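Engineer: Sequence plus the predicted model coming up.
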Amino acid sequence: MATADREGKSQRLFWALILALLVSYAGIKTYHVMLALQVYDGQPLQVDTSGAAK
């Protein structure tokens with residue numbers, strides 16, 4: 001019975017670790033995209049893009 005309890009705890013710890021890693025990854029990616037958009041915001045284009053999306 002003790003082995004089954006240990007396996008259950010280990011499995012819960014494993015899934016908690018995976019969830020924490022996914023949340024951390026999402027947070028880092030959100031920060032990265034926000035930073036990229038802030039840097040890009042307001043920069044003029046170097047070439048004329050009229051008619052580019054036909």
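Structural biologist: It's in. Owing to the predicted nature of the structure, the values given are computational and were not obtained by experimental measurement.
Engineer: I'd like to know how far L19 sits from L13.
Structural biologist: According to Cβ to Cβ, to the nearest Å, L19 and L13 sit 11 Å apart. Backbone N, C-alpha and C define where each C-beta goes, glycine included.
Engineer: brain fart, L37
Structural biologist: Taking Cβ to Cβ as the measure, L37 falls 36 Å from L13.
Engineer: In the chain, where is pLDDT below threshold?
Structural biologist: 1, 54 (pLDDT under 70).
Engineer: where exactly do the helices run in it?
Structural biologist: 2-40 (DSSP state H).
Engineer: could you check the distance from the residue nearest the centre of the chain over to T3?
Structural biologist: Here the mean C-alpha position of the chain is nearest to the C-alpha of A26 (Cα atoms, centre = their mean), at a distance of 2.4 Å. A26 is 35 Å from T3, where distance means Cβ to Cβ.
Engineer: same question, I28
Structural biologist: 37 Å.
Engineer: which of the two has more neighbours?
Structural biologist: Between I28 and T3, I28 has the larger neighbour count (other Cβ atoms under 10 Å), namely 10 against 7.
Engineer: what's the distance between the more buried one and L19?
Structural biologist: Remark: distance between I28 and L19 (Cβ to Cβ) = 15 Å.
Engineer: Check Q38 too.
Structural biologist: From Q38 across to L19, the span is 29 Å (Cβ to Cβ).
Engineer: do D41 as well
Structural biologist: Counting by Cβ to Cβ, the gap from D41 to L19 is 33 Å.
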